[in-house]
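Novice: have a look at this prediction, sequence included:
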Amino acid sequence: MQSIVFFETTVLIAASIREIEHSPTPIEHAYYDSSKGLIRLAPKGKIIGIISYTVEEQAERRLDKALKDTIEECMGNRKLIDADYKTFSAILDKVGRNFKENVQCLDRLATSLEQVRDVKTREVLPMYGELAGERPPIAWTYTPPLKPIAMQVTKLQWERYFDSLRWKEIIPDEIDMEILSEAICIKRDRFSGPRFFLASIDKHFSGSPKEPWNQIPIKIEEQFQVLCNYPNEIIELVR
Amino acid sequence: MGPVFVKLREQLDEAITHEKISEDFLVACENGVKEFSSLKDGSKKYPEMIVSLKLYSATDSGEVILKNCISELRAAVGRGENPATLNELSGLISEVCDLGEEIKIAMEQNDVSGRLRSIRKRTFWAQEEAEKISLIEDIDTRLSLVPERVRKTFVKYSMQRSK
């Protein structure tokens, strides 16, 4: 059975950053080879590669932001002249075309916004909270119709809970939690059987050797049966 | 719709129908080049840097492709050639025409953000097709002219979110 690989933003970006194809010393993203290698398995039928609209949109935004930061660093306050437009549009076009080529290898699957939000607040955030050593108020576990009432009654506890999480490094940003929630919803709705990977080079998903970061992929697998890992590791696992 | 690109499309259709590269068609192409050049000037006025660059890339590509198509078409006329060159370039000119129309509408109707994705898609298609027939410099050649320092800076920033 083919494994399913959900590509997270960072891998999609890494697979798009290789600037001059045939140069002996290409300037490329440190994870270019493994990310691109994993994407290439999709058209070969070795994996089913998927993304969500959020992943695609975020990846494009982050690539745009990287270019904007580059322009600011390289140009300072100097106004762009025609030659600068040519320079920066060459980078923009190359990366944009690589990105388009990568996305074409993958299926973009839709998710229900309501379902994703529910998974994010009821399951994903408390999971990270637990790793950060914080427990959500009891109302978290209630189901409708009691949940809104319980949440209203425990409003103050909620605010304290969110405040306690806000500054914890281990908690991913809202968008990243939404992306993980999308992956979980896609797995539950469409791929309950096969192995389901989430390819990422972000330690909020794939972890790192340090405690409690090393617990993240273990916890995600245990709770959601989603195997978060770095692209090079996934290549080995699906071979 | 921008009348320049509407006129160009009409002339292109007529050229294909009659299998003839007429002077009117070449003039319509030249007007298209001028229109792209004017749109390119407009693209630099966009306050959002990335939007401005994307529009610049689209208008510059349209301008260069159309300009080089004119040279090819004129050379074909000079050779008294049958419509081989016209047939080879008609698909590309048609796409460039659509690209120009879309940019013009986007700018005139203040709807650049809503149409940017489609504009980018058309730009990439036109660039790739033009590169295949060596009508424009390929992207790697363009990129090789970018200073290494700039490229390295971009890679550095693109890796910032990978932790």
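Specialist: Yep, it's here. Being a predicted model, the structure only gives us computed values, none of them experimental.

Novice: tell me the pLDDT at B:Glu129?
Specialist: B:Glu129 carries a pLDDT value of 96.

Novice: am I right that it is in contact with B:Gly91?
Specialist: Yes. The criterion here is CB atoms under 8 Å, and B:Glu129 meets it with B:Gly91 at 7.3 Å. C-beta: built from backbone N, CA, C; applies to glycine.

Novice: the two: which is more packed in?
Specialist: B:Glu129 (17 against 10; other CB atoms under 10 Å in any protein chain shown).

Novice: quick one, what contacts that one?
Specialist: B:Gly91, B:Leu92, B:Glu95 (CB atoms under 8 Å, 6 or more residues apart in numbering or on different chains).

Novice: in a helix, that's where it is, yeah?
Specialist: Yes. Secondary structure of B:Glu129 (DSSP: H, G, I helix; E, B strand; the rest coil): part of a helix.

Novice: in chain A, where is pLDDT below threshold?
Specialist: For chain A, applying pLDDT under 70 flags the ranges A:19-25, A:137-144, A:147, A:151-153, A:158, A:162-167.

Novice: which residues of it fall in helices?
Specialist: Ranges of helices in chain A, per DSSP state H, are A:9-14, A:32-40, A:53-75, A:82-104, A:113-119, A:125-131, A:146-153, A:155-166, A:174-190, A:203-206, A:215-224, A:231-238.

Novice: give me the angle between the third one and helix A:82-104.
Specialist: What that stands for is helix A:53-75. Interaxial angle of helix A:53-75 relative to helix A:82-104 (axes from the mean of the first three to the mean of the last three CA atoms, to 10 degrees): 160 degrees.

Novice: backbone dihedrals for A:Gly133, please?
Specialist: phi 80, psi 20 (degrees, to the nearest 10).

Novice: just checking, A:Gln2 touches A:Ile47?
Specialist: Yes. With contact defined as CB under 8 Å, A:Gln2 counts as touching A:Ile47 (6.0 Å).

Novice: all strands of chain B, in order?
Specialist: Counting by DSSP state E, one finds no strands in chain B.

Novice: all helices in it, in order from the N-terminus.
Specialist: So, for chain B - with DSSP H - the helices run B:3-18, B:23-43, B:49-78, B:84-108, B:112-132, B:139-144, B:148-158.

Novice: which strands and helices sit next to the last one?
Specialist: Helix B:148-158 makes packing contacts with helix A:53-75, helix A:82-104 when contacts are defined by 3 or more CB pairs under 8 Å, 6 or more residues apart in numbering or on different chains; DSSP states H and E.

Novice: any chance of JSON lines for the ones you listed, columns distance to A:Tyr161 and mean neighbour count?
Specialist: Below are the helices and strands packed on helix B:148-158 laid out as JSON lines (distance: least, CB to CB, whole Å; neighbours: other CB atoms under 10 Å in any protein chain shown):
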{"stretch": "helix A:53-75", "distance to A:Tyr161": "25", "mean neighbour count": "18"}
{"stretch": "helix A:82-104", "distance to A:Tyr161": "37", "mean neighbour count": "19"}
